[in-house]
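# Have a look; sequence and predicted model below, questions after that.
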Amino acid sequence: MNSLTSDTSLWDRPLEAQKLMSEKNRIERSLNEYQSLEGRFKDAIDLIELGEAEEEEEVVREAEEELSVICEEVKREELEALLSGEADHNDCFLEVHAGAGGTEAQDWAEMLLRMYIRWSEKRGYKVDYLDASEGEEAGLKSATIKISGYNAYGWLKTESGVHRLVRISPFDANSRRHTSFASIWVYPVIDDTIEVAINEKDCRIDTYRASGAGGQHINKTDSAVRITHIPTGIVVQSQSQRSQFQNRDEAWSMLRARLYELELRKREEKHQAEEEAKSEIGWGYQIRSYVLHPYQLVKDLRTGVETSDTKGVLDGDIDKFLSSSLSASL
């Protein structure tokens, strides 16, 4: 079993094995997608020719609409073909943390979480709640979900950072404008091809009573588990499972994933900047601004991409932001 150290030689073998497997899966999937798109393209062209020959305008219109859909799918597949990072094809964990500002920030954190859940559902990804700390009056102080689906981490990896909201507060009796902050942190679920050895002496394990999201799966015993990795200060917790044993297993899995993600960032020489962004939820570390008043605008501060469809964005229509940030970073 490999130890988690900065000695990259200890990581070369498992990372290379995963990279080869991921590349094989990517090629197979890309080939299947290409064949499907090629077949649909030929069918649409045949329909257009048939419609023109028979002077069937409705047939031609429907075939042209299908061609437009195919063009959009081709653009998306071109981008997905570039997702060749060591963990891009993996599932991912997504954390949301409310910034300073009490109820305002906590409500914004819940809105952001809903946005990512809606985006995941539209793509057919599975979402599991792992942990949630409810706000004092509304919203969430923090929450962790697991998003399962092909390229989940690859698509969402650039979402880590601070998200800023400007709106008329629904919690302010005087209807004043408020600015709120919340941070997002995304890291990959690692599979059995990668082994991360953790010294349990370096970890503190706490149990507590589960609460929050989870419905009937949440019980009132001390079944929730929190693990603190003392050398790095990383904290993970799980309360979604019925038993303490299951939550402990899930928490260890999350810790392994966090430590693996940390090592990847060190190797890519991006770790320092990411840790700074994670450590302070405020003005200087924003990646995207969501303005609901006095005008409607969502703007990515890294790429300049913007839209006035704020409702659509908060309902999960964020592909344009994901695509632009991925393209800029590839």
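Everything's here; your move. Numbering: from 1, shown residues only.

# quick one, helices of the stretch 201-330 of the chain?
All helices of the stretch 201-330 of the chain, identified by DSSP state H, counting those that start in this stretch, fall at 244-267, 271-279, 310-314, 319-329.

# buried ones in the last one?
Across helix 319-329, burial judged by 16 or more other Cβ atoms under 10 Å covers Lys320, Phe321, Leu322, Ser323, Ser324, Ser325, Leu326. Where C-beta positions appear, they are placed from N, C-alpha and C, glycine not excepted.

# Counting by contacts, list what it packs against.
Contacts of helix 319-329 with other secondary structure elements, assessed using 3 or more Cβ pairs under 8 Å, 6 or more residues apart in numbering; DSSP states H and E, are made with helix 57-81, helix 152-156, strand 297-300.

# Make JSON lines out of the ones you listed and add mean neighbour count and mean pLDDT.
Below are these laid out as JSON lines (neighbours: other Cβ atoms under 10 Å; pLDDT from 0 to 100):
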{"stretch": "helix 57-81", "mean neighbour count": "14", "mean pLDDT": "84"}
{"stretch": "helix 152-156", "mean neighbour count": "25", "mean pLDDT": "93"}
{"stretch": "strand 297-300", "mean neighbour count": "19", "mean pLDDT": "96"}
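
# Save the ones you listed as TSV, and put in distance to Glu136 too.
Conversion of these to TSV gives the following (distance: least, Cβ to Cβ, whole Å):
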stretch	distance to Glu136
helix 57-81	41
helix 152-156	29
strand 297-300	28
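
# And those: which comes nearest Pro231?
Closest approach to Pro231 among the helices and strands packed on helix 319-329 is made by helix 152-156 (24.2 Å; Cβ to Cβ).

# ok, and what's touching that closest one?
Here helix 152-156 makes contact (Cβ atoms under 8 Å, 6 or more residues apart in numbering) with 80, 83, 85, 87-92, 94, 116, 120, 123, 125, 147, 186-189, 322, 326.

# do stretch 168-180 as well
By Cβ under 8 Å, 6+ apart, the surrounding residues in contact with stretch 168-180 are 99, 101, 103-105, 107-108, 137-138, 164-167, 292-294.

# Helix, strand or coil: sort out Gly85 for me.
With DSSP: H, G, I helix; E, B strand; the rest coil as the basis, the three-state label of Gly85 is coil.
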